[in-house]
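S.K.: sequence first, predicted model second:
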Amino acid sequence: MLKTFSIGGVHPEGNKISAHQNIRQAELPKQAVILLGQHIGAPAKAIVKRGDEVLVGQKIAEAGGFVSAAIHSPVSGKVAKLDTTIDASGYSKPCIVIDVEGDQWIDSIDRTPDLVTETTLDSKGIIDTIKDAGVVGMGGACFPTHVKLMPPPGNTAECLIINAVECEPYLTADHQLMLEHAQEILVGVKLLMKAIKVNKTYIGIEKNKPDAIELMTKVASEYAGVEIVPLQIKYPQGGEKQLIDAIISKKVGSGKLPISTGAVVQNVATAFAVYQAVMKHKPLFERVVSVTGHSVAKPSNLWARFGTPLSQMIDECGGLPEDTGKVIAGGPMMGKAISTLEVPSAKGTSGILIMPEEESRRMEVQDCIRCGKCIEACPMGLEPYLIIAQAMNQEWDKVEKDSIMDCIECGSCQFTCPAQRPITDYCRLGKSTVGGILRARAAEARATAEKANK
Amino acid sequence: MNVILIAVIALGCIGLVAAVILYAASKKFAVYEDPNIGKINEVLPQANCGGCGYPGCSGFAAACAAGPDLRGKFCTVGGQKVMDDVAKIMGYEAVAAEPKVAVVRCNGSCANRPRTSQYDGATSCAIAAATYGGDTDCSYGCLGCGDCVEACQFDAIHMNPETGLPEVDESKCTACGACVEACPRNIIELRYLGKKNRRIYVSCVNEDKGAKTRKECSVGCIGCGKCVKECPFGAITLENNRAYIDYEKCKLCRKCVAVCPTHAIVEINFPARKPKLAVTEAVTKEVPAQEKVAEANPQVTSSDQSEKIEK
């Protein structure tokens, strides 16, 4: 019996139609639009100005705080302007616009395909290099990797878990990356182990990728302490807390960080980015993007530089089908429908999903019949039917009491609801509202504490 | 006979002891409540809307009774009449407060603001706002899901199905501010009801640059600043590419309305303009806007022109 997480979960159709499509290089955009907020935390601060010449891999924005990441130019050319553009959130965000001229890389990047396995860097050296290269979690949340590699005081890392689950339907970027770059990924894993000083790694892969499991197991046999863990197919197994539960059978307590279980979870594509950053001196400026959907002429996996408009990548895969109803950045469960195709790709763009009109409509919302399916599906053990009712009545104190802050917004409740109720939408609203209330409360407590000290 | 007597005496004794205990307890644990609180509570409208900023009418009554005066306290539902009554009960001077009304500062109807996408998520502005910038290119304007209508306890705000925008019924609006809180876009504002219910305000909160705003909406404020220059009372300020009229300073002269190139400034309950004015407005709208202003105020034009040259 294969392992999986213990609470809840759903089984959406896999739809991995772009699987086994070799990753090909996407065309360079004519104009790259590089967002300054491509990660969780403070947006980066631009260090270039209008008219500056930049090369591929050159740092163009510095981290804007501790939880933030640097951004490097994915193209060479001239900075046209510092402007704003609509990103996947649907709002205007600051960005750097670069007119692309040629494809000139900075000299320090090793562009040979040779595998480099040895480094003289120690733990701190590796983390600093990762930080400098602007590496963030490539699973979609884009949490800066260097922050995760430095556990807060009182916590020690005991093992590393590599997330190669790719439980989102449709997406195949990680799968294909494993098939094509298994060697590099394992060197990256070794670097991550050295960085957090552990000697045990589990790589979790769902069993719908048997070729990846086989290949990774073969390559991993050369590395001490690396174990491939095949997992049952269940969504949201790629969630950090669910994966820890599935692999080492430990639960992350409410309000606790995943590190409290001793596990550091990193995405498989992050491990590859770490390899490139440390061994090839190549900062993070491109990633694999799955362009997929049943109506897409050529479902593909593309190496796309950040700042490439999604419309261009869609054109490369056969253009936008006529009956398109929705274009989603990311997967169908947690991705976000975008309002314009000119949204530029960024560090978190793992896929572009094109849904035909009839698949993209929401069905009519009906009344809750108290069937409890959402409770069964919730991987965090919450009671979504209660939360939506309370959020609709704006009873935020009750929503808070029902542990809304533990919600991972995976969408399982809404997926499973037979009445098509917008449960996740209201959970998200509840989470952001209660989050605001908690922050205000903490600020007030700090202010009173300061007053008392005086 | 004897049994009945014993029972009566015993019961009487118990009653006497209990009465003494109760009397002592009521003296010892008495809670003093200002009798004024009850009196004030009686004159309040009992809507419990929270528009005054206190938790319900009894909370407001307690706050009024606590004094020391009525400054900063106003029952928006009851208005001046109720406040006068409260003042009479407490023996304070009534504080005159100008009545207010909610105004919706967005004119992006279906005709004025072209739709660029469709939203079919949960019918809630808060959720729509968290999802994306809205079904038009303007990410500041009304989302049209009716959170304000839902929030209103007085049936004073309704969606107009033709424009897709909420409309305030000023005869019912009590300026409690519930809709202001509910709007995730901060479009609704409480402004003075105005003399003869006349009001002038900028019906747009868009902060995009002018050229972008023009593309997004035909009646958006493009931040040109013409109204700021025109206003003789210094009531208009321009910040983040949008104009704002300070209702405390505005004297309702309507000069700004005439010069606004996108008709983003709205006048409410004014009589139709005199024919002469109407003609000049038409002239302003067509070509020689610069010349027209030049006649009226040469200084303004020169600065206008120099701005143009710089651009």
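M.R.: Arrived safely.
S.K.: residue numbers of the stretch 351-454 of chain A in contact with chain B?
M.R.: When proximity is defined as CB under 8 Å from any CB of the partner chain, the stretch 351-454 of chain A approaches chain B at A:Arg361, A:Arg362, A:Val365, A:Pro422, A:Asp425, A:Tyr426, A:Arg428, A:Leu429, A:Ser432, A:Thr433. All C-beta spots, glycine's among them, are computed from the backbone N, C-alpha and C.
S.K.: who wins on neighbours among those?
M.R.: Neighbour counts for these (other CB atoms under 10 Å in any protein chain shown) peak at A:Leu429, which has 27 neighbours.
S.K.: so how far is the helix or strand containing it from its chain's centroid?
M.R.: Secondary-structure element containing A:Leu429, defined by DSSP states H and E: helix A:423-453. Between the centre of helix A:423-453 and the centre of its chain there are 25 Å (CA atoms, centre = their mean, to the nearest Å).
S.K.: how about stretch A:278-289?
M.R.: With CA atoms, centre = their mean, you get 15 Å for stretch A:278-289.
S.K.: kindly report the same for stretch B:114-133.
M.R.: So, by CA atoms, centre = their mean, the centroid of stretch B:114-133 is 24 Å from its chain's centroid.
S.K.: how about stretch A:45-58?
M.R.: That offset, for stretch A:45-58, works out to 26 Å (CA atoms, centre = their mean).
S.K.: look at B:Glu167 and say how many residues are nearby.
M.R.: Count around B:Glu167 with other CB under 10 Å applied: 13.
S.K.: angles on the backbone of the nearest residue to it once chain neighbours are set aside, please.
M.R.: Take B:Glu167 and drop its neighbours on the chain: the residue closest to it by CB to CB, 6 or more residues apart in numbering or on different chains is B:Asn160, 5.1 Å away. Dihedral pair for B:Asn160: phi -90, psi 110, per degrees, to the nearest 10.
S.K.: who's B:Asn160 bridged to?
M.R.: Going by DSSP bridges, B:Asn160 is paired in beta bridges with B:Leu165.
S.K.: what does the domain assignment say about the chain?
M.R.: Since no chain was named, I'll use chain A. As assigned by automatic domain parsing, chain A contains the domains A:123-279, A:373-453.
S.K.: nope, chain B please
M.R.: According to automatic domain parsing, the ranges for chain B are B:35-90, B:100-271, B:282-306.
S.K.: looking at the ones you listed, which has the lowest confidence?
M.R.: Among the domains of chain B, domain B:282-306 carries the lowest mean pLDDT, at a mean of 42.
S.K.: burial count for residue 158?
M.R.: Just going to use chain A. 16.
S.K.: my bad, the chain I had in mind was chain B
M.R.: Count around B:His158 with other CB under 10 Å applied: 15.
S.K.: ditto for the one 3 residues further on
M.R.: Burial of B:Pro161 is recorded as 7 neighbouring residues (other CB under 10 Å).
S.K.: same deal with A:Leu284?
M.R.: 27.
S.K.: so what's it up against?
M.R.: Residues near A:Leu284 by CB atoms under 8 Å, 6 or more residues apart in numbering or on different chains: A:His72, A:Ala133, A:Gly134, A:Val135, A:Val136, A:Ala273, A:Gln276, A:Ala277, A:Lys347.
S.K.: repeat that for 6 Å
M.R.: A:Ala133, A:Gly134, A:Val135, A:Ala273 (CB atoms under 6 Å, 6 or more residues apart in numbering or on different chains).
S.K.: hmm, which two among those are most spread apart?
M.R.: A:Gly134 and A:Ala273 (9.2 Å; CB to CB).
S.K.: name the residues of chain A found near chain B, please.
M.R.: A:Gly90, A:Tyr91, A:Ser339, A:Arg362, A:Pro422, A:Asp425, A:Leu429 (CB under 6 Å from any CB of the partner chain).
S.K.: so B:Gly141, which state does it fall into?
M.R.: Using DSSP: H, G, I helix; E, B strand; the rest coil, the structure places B:Gly141 in coil.
S.K.: point me to the residue of the stretch 301-450 of chain A nearest chain B.
M.R.: Among all residues of the stretch 301-450 of chain A, A:Pro422 sits closest to chain B, at 3.7 Å; criterion: CB to the nearest CB.
S.K.: show me where the chain has helices.
M.R.: Answering for chain A, as no chain was given. Taking DSSP state H as the test, the helices found in chain A are A:123-132, A:145-148, A:173-196, A:210-220, A:240-248, A:268-279, A:310-316, A:357-360, A:373-377, A:384-392, A:396-401, A:412-416, A:423-453.
S.K.: my question was about chain B
M.R.: Using DSSP H, helices in chain B cover B:2-28, B:35-43, B:56-66, B:79-90, B:125-131, B:147-151, B:178-182, B:210-216, B:226-230, B:255-259, B:275-285, B:289-296, B:298-310.
S.K.: ok, back up a step: which of the helices of chain A has the lowest average pLDDT?
M.R.: Looking at those, the bottom one is helix A:357-360 with a mean of 88.
S.K.: please tell me how far the residue nearest the centre of chain A sits from A:Ala133.
M.R.: Most central in chain A under CA atoms, centre = their mean is A:Gly140, positioned 1.4 Å from the mean C-alpha point. A:Gly140 sits 19 Å away from A:Ala133, going by CB to CB, to the nearest Å.
S.K.: strands of the stretch 51-200 of chain A, residue ranges please.
M.R.: A:53-54, A:59-62, A:71-72, A:77-86, A:92-100, A:159-163 (DSSP state E, counting those that start in this stretch).
S.K.: and these as TSV, adding mean pLDDT, distance to A:Thr129 and mean neighbour count?
M.R.: Conversion of the strands of the stretch 51-200 of chain A to TSV gives the following (pLDDT from 0 to 100; distance: least, CB to CB, whole Å; neighbours: other CB atoms under 10 Å in any protein chain shown):
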stretch	mean pLDDT	distance to A:Thr129	mean neighbour count
strand A:53-54	95	21	18
strand A:59-62	95	13	20
strand A:71-72	96	13	28
strand A:77-86	93	26	17
strand A:92-100	94	23	21
strand A:159-163	96	17	25
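S.K.: including distance to A:Trp396, could these go into TSV?
M.R.: TSV is the format used below for the strands of the stretch 51-200 of chain A (distance: least, CB to CB, whole Å):
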stretch	distance to A:Trp396
strand A:53-54	46
strand A:59-62	36
strand A:71-72	36
strand A:77-86	30
strand A:92-100	28
strand A:159-163	33
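S.K.: low-confidence ranges in the stretch 201-350 of chain A?
M.R.: Within the stretch 201-350 of chain A, no stretch falls below the threshold (pLDDT under 70).
S.K.: and the nearest residue to A:Lys398 once chain neighbours are set aside, how far from B:Cys152?
M.R.: Nearest residue to A:Lys398, sequence neighbours excluded (CB to CB, 6+ apart): A:Gln390, at 4.6 Å. Applying CB to CB, the value for A:Gln390 to B:Cys152 is 21 Å.
S.K.: circling back: and the contacts of A:Leu284, which of them are buried?
M.R.: Among those, those classed as buried by 16 or more other CB atoms under 10 Å in any protein chain shown are A:Ala133, A:Gly134, A:Val135, A:Ala273.
S.K.: contact partners for the last one?
M.R.: For A:Ala273, the contacting residues are A:Val135, A:Leu284, taking CB under 6 Å, 6+ apart as the criterion.
S.K.: give me every residue that touches B:Ile245.
M.R.: With CB under 6 Å, 6+ apart, B:Ile245 has these contacts: B:Tyr201, B:Val202, B:Ala235, B:Ile236.
S.K.: in the sheet, who's paired with the second one?
M.R.: Same thing as B:Val202. Going by DSSP bridges, B:Val202 forms beta bridges with B:Ile265.
S.K.: related to what we said a few turns ago, quick check: the residue of the stretch 301-450 of chain A closest to chain B touching B:Ala122?
M.R.: Yes. Using CB atoms under 6 Å, A:Pro422 is in contact with B:Ala122, at 3.7 Å.
S.K.: residues touching the residue nearest to the centre of chain A, list them.
M.R.: By CB under 6 Å, 6+ apart, the residues touching A:Gly140 are A:Gly330, A:Gly348, A:Ser350.
S.K.: so what's the residue count around the first one?
M.R.: In other words, A:Gly330. For A:Gly330, the count of nearby residues is 22 (other CB under 10 Å).
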